[in-house]
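Student: Take a look and give me a structure for this.
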Amino acid sequence: MTESKSWRGVYEDFLWSLYEDSHSIIAEITHLCDEIPAPLRDPSKSCFKSILIDFTYFEKSEQFELGFRAKKDLDDLFYKEHEDFLGRFEKLLNAIANFIHGFQEYCEQRGGDEGGGWASGEIDLARELEIEILSLSAQMLILLERKLPGKLAEYLFIAIYRISDDRTNVEFLVDFLRSRGLNDSLFKRVKLNNAFVRDVIRVFDSGFQQAIPGQAIRLRSCATQLLCGCLFFAPNILNDASLMRKLVDNYFRDQWVLSLGMGIVVNLFEEWQPYKAAINALSNGVDLIKARGLAEERLKRLRATEFPQGTIGAEKLRPCIALINQYNNDLRWLVLHSADQSLSKKSTSYLAAVQSATQFQLKSLRATLRIANFEIEFFKTYNEYLGEKEASISRLTEATCEMITEIAAVFNQGFVSLKVEKKTKLHDWLLMMRKTLKESTPKTPKEGADLAMSVKRRIVQVGEMLDLGGNLAMAQYLEKIGQQLDALAAAHSVSADDLRRAEISACSAYAWTIVDSWAPQVEKLLIESSNSAPVRALFYKLSLAVQNLFAELHTPDRKRLITAAYSYQLEKRLRRIVQSVPRHLFVLLKGKVAPLLETNWPPQILKEQAKEMADFESNFKLAEATSTISNMSVGISRMALTKVGTLEVRPRELLLEGIRAELRLRLPEVMNCKENNLKTFLDSLTKTLHSLHSSFLYLCEHIDVAGHEMWRQELANCLERQGEDEVGLLISQEASKGKNGLQTAWSPATALGHLAQMLFNASSPSLTRYSETEMSWREIKTNRETLTSNETNAIETWVPSVAIDCVDRLLCRLLEGILKHVTITITTLLSGTQNLILDEAFFKSKSFDSLQRSLANQTQLHNEIAKIGNCVLIRTLLNQSRREASRLRAPALTSALKAANQCALISLDSIPESTIDFLYELLSENASNTPELTKFPNLKAHSQMGLLLFVIIVALSPKFANSSICTPSTLMGIKAISHQFNLHTEILSIAQLYHDTNRASTNGGKISSNLKILTIVARTLA
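Tutor: Numbering: from 1, shown residues only. Sure, this is the predicted structure:
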């Protein structure tokens, strides 16, 4: 026996660790699987689908890796966006593997021991932990099967495998996560020792008869749920007809839908379908008639329940706990058995029987709110009694003793007709009772309550024996002392253990799967009445499950982290419900407020306009909308909900974050303009943004929010997100087109992308010409302006500096794409020229003439170079608008930055390195940078690119003269390419050599052309 105790002590710490590990893993699965990014959840609809691979990767890994290298930009973008999530998921998978390995080893060792130190069916702390861990393991696997369906787990694992150096659990995880067939499950892949599992389930078979005193309290209260979890690992028992009949009779005769944990609900008619013995035992234990009867009985009891009104006295606390326990048991049964989670024909028939008898699905929220509202007040009152328990007992004991003294004095004063001897004895006996009460120090609440009731019984017995009730004064005293002792017993009965039991019975973990279906009803109540009480009651009820879990765990860090994970889930649901208020407010803005604010009245108006301004109907509608806005804001702000789970919440902040989130959703919708004309697009978009802006500020003024700052931040964030989305789209489309894909003809998905594309279209080299003096583009045929500073100034008004900066960043990405394509084209044209000797003989050779004629006909290349130039010129125009706006807003700052820029150009080395990045960012924000000098580090030039650019200038010089191409755009494009690859010195030297070669010519026209080319080169590269 000593050896047995020693063995148990050694393993209890290990089991506690496994117990908390399992809770941690379940919490992380719940949390992480809800955050799986959309591209991973459904790769078929993702731009990353070409790089998301299932386990076929292991069959052709080298071939797949070659494909990934060809799509490096797309691959890099995927890991940049999702690397953090994948890192967390890798830790989760390793934790699952380590937990399963550790528990399997423990089960093997325990299953191999003869009795393992336990008598058959004996329960102590170690055995209790084993049962809990086995059930939690089942919850873990059920969650994984439900949260990672199909090949989702394979996509996640391969994405992790490709960037991870850890190969510790790879073999196990590949087998564990492989997609499952029709009759496959994770329980078949996680093998636990059969002897151990059977030994654990024997505890339930014995009905806890051998539980050690003080142990198995939770086992008894949650026996059905724990047994259900354990049976998932015992297919042999599920196929054992006699044992299953016994277990069903003892545990499942009146319930077949169970809540195993936070949001894990199982229907036994579904889960036991593969096991004939189990499903027969269950069907025989509860038929459709019995199911209907159970539902009707519980609903009747639920409706008949009446909760105490007003103040709850201490004497009512225990009856209230029994009431809470009974009501919650019935509520839990009805909610679970009437929830529509059935798939098979049999479970559907049982669901129909319950629903037809109760129609409880429509009433479940109301019934839950009813008990939740009572529990809020009850638990608040009980905690107050618990906090004041010592003072209350002391006060009541003192008052009771004084009353006993008064009664004893009555006998001394002769008011009672008894013999003197009896009076004396009775007097002394009462004083002894007083002493007993005053000097007693009960160790438990039960001892204190029993003592008070014992004194009461003895006083009542003495009163009856001596017929003291016949005396009116004494009868009143006896009645008062009885009430006083009842109050004292009730004060003693208040205990933390009773409170804990009440909280366990009120636990609503079963409702976590159903709360989403309740959300529309709660939102409707919140919007229609501006009353936040239902929200408070519902989330108080849901939070009890987290608080109960917090009490069950032991390690402080684990307590904090695990309960925080569940609390975040609750907070997310709370935000979703509270979000209905901002959503409704924005509907009011669009339908009522915005149209009524559209009219801009001048400072001076005519008499006729005054009548229109005073229109009663319009003003009444605006006042009504304003009243709704204010009432909803006040309703949320006054919601007396301070905690969700273990997280503190501030309803006012939830409302503000909801308004910000709704604005974040509305902005892309408002900006979704389909106009294809640049001017019309900008006018329309500016008008709709102004309308939303004015109505949004009106809303913010009536709920006391800094609307201007919120608008600026969210519009800036919206534009930045659209820019990032367009860059990702460009990368994915480039990857799908291959190396030769040109990026200026992409299909934009956002307003910002549409704007950038229209800027390109408005400056098309084949349709427009750029005027250097006007800094604008005009159509060739009609001479109509297509792009001027008016358009870029309009962009600047959206969000000063930020809007143009977002457009500029997108143009930079487009510019990089065109430069990359031009580089590839030039490299192709220059193939075979690596050994070329550049001297005077070359310019007189047929090779030069051939290259010149070839380049003169490269129309597509000319257009791409002109597009590069146009992109630089558009960025210059954007910079001018931003610089002018900055000058008007902050002239002193603009002047100071201009001086700093000039100083930096003169003596860059004198500026500290730590200041350079900050200075560059500040100069860029205020448009003090030079667009044509932007460099892209990933581009590489051909060794003869300088020569080719010079030959292009020579080949195009006749076209520059007759304006058959856009000269400023083409030359700016050549200049940008030259600066990108530091070719300006090389090109100038080539031009000088060309000039020297042709200087001796007697042909006047050739000399003139030669000088013109030299001038063009010098001007271009200046």
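Student: Show me where the stretch 151-300 of the chain has its helices.
Tutor: With DSSP state H, counting those that start in this stretch as the criterion, the stretch 151-300 of the chain has helices at 152-161, 170-177, 186-189, 194-205, 217-221, 223-231, 235-238, 241-247, 268-271, 276-285, 288-304.
Student: Can you spell out which helices and strands pack onto the second one?
Tutor: Okay, so that is helix 170-177. Where contact means 3 or more C-beta pairs under 8 Å, 6 or more residues apart in numbering; DSSP states H and E, helix 170-177 is packed against helix 72-112, helix 152-161, helix 186-189. For glycine as for every other residue, the C-beta is placed from the backbone atoms N, C-alpha and C.
Student: Can you name the residues in contact with that helix?
Tutor: 55, 58, 93, 96-97, 100-101, 148, 153-154, 157, 161, 186, 189-190 (C-beta atoms under 8 Å, 6 or more residues apart in numbering).
Student: Now that helix - C-alpha only, PDB.
Tutor: C-alpha atoms of helix 170-177 as PDB (Å, rounded to 0.1, in the frame of the first residue of the first chain):
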ATOM      1  CA  VAL A 170       7.000  15.800 -38.900                       C
ATOM      2  CA  GLU A 171       6.400  12.100 -39.400                       C
ATOM      3  CA  PHE A 172       3.700  11.900 -36.800                       C
ATOM      4  CA  LEU A 173       2.000  15.100 -37.900                       C
ATOM      5  CA  VAL A 174       1.900  14.100 -41.600                       C
ATOM      6  CA  ASP A 175       0.100  10.900 -40.700                       C
ATOM      7  CA  PHE A 176      -2.100  12.700 -38.100                       C
ATOM      8  CA  LEU A 177      -3.200  15.600 -40.300                       C
END
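Student: same question for it, mean pLDDT?
Tutor: For helix 170-177, the per-residue pLDDT values average out at 90.
Student: Run the chain-centre distance for it.
Tutor: Relative to the centre of its chain, helix 170-177 is centred 28 Å away, using C-alpha atoms, centre = their mean, to the nearest Å.
Student: likewise the longest one?
Tutor: Averaging C-alpha positions (C-alpha atoms, centre = their mean) puts helix 288-304 39 Å from its chain's average.
Student: Mind giving me the packing neighbours of that helix?
Tutor: helix 317-338, helix 345-358.
Student: Next: the first one.
Tutor: Taking 3+ C-beta pairs under 8 Å, 6+ apart as contact, the helices and strands that helix 152-161 lies on are helix 38-41, helix 72-112, helix 170-177.
Student: so which of the ones you listed comes closest to residue 747?
Tutor: Nearest of the helices and strands packed on helix 152-161 to residue 747, taken as C-beta to C-beta: helix 72-112 at 16.4 Å.
Student: and the closest one, what other elements does it pack with?
Tutor: helix 2-33, helix 38-41, helix 125-147, helix 152-161, helix 170-177, helix 194-205, helix 707-737.
Student: Redo the helices and strands packed on helix 152-161 as CSV? Include distance to residue 666.
Tutor: Formatted as CSV, the helices and strands packed on helix 152-161 follow (distance: least, C-beta to C-beta, whole Å):
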stretch, distance to residue 666
helix 38-41, 21
helix 72-112, 24
helix 170-177, 40
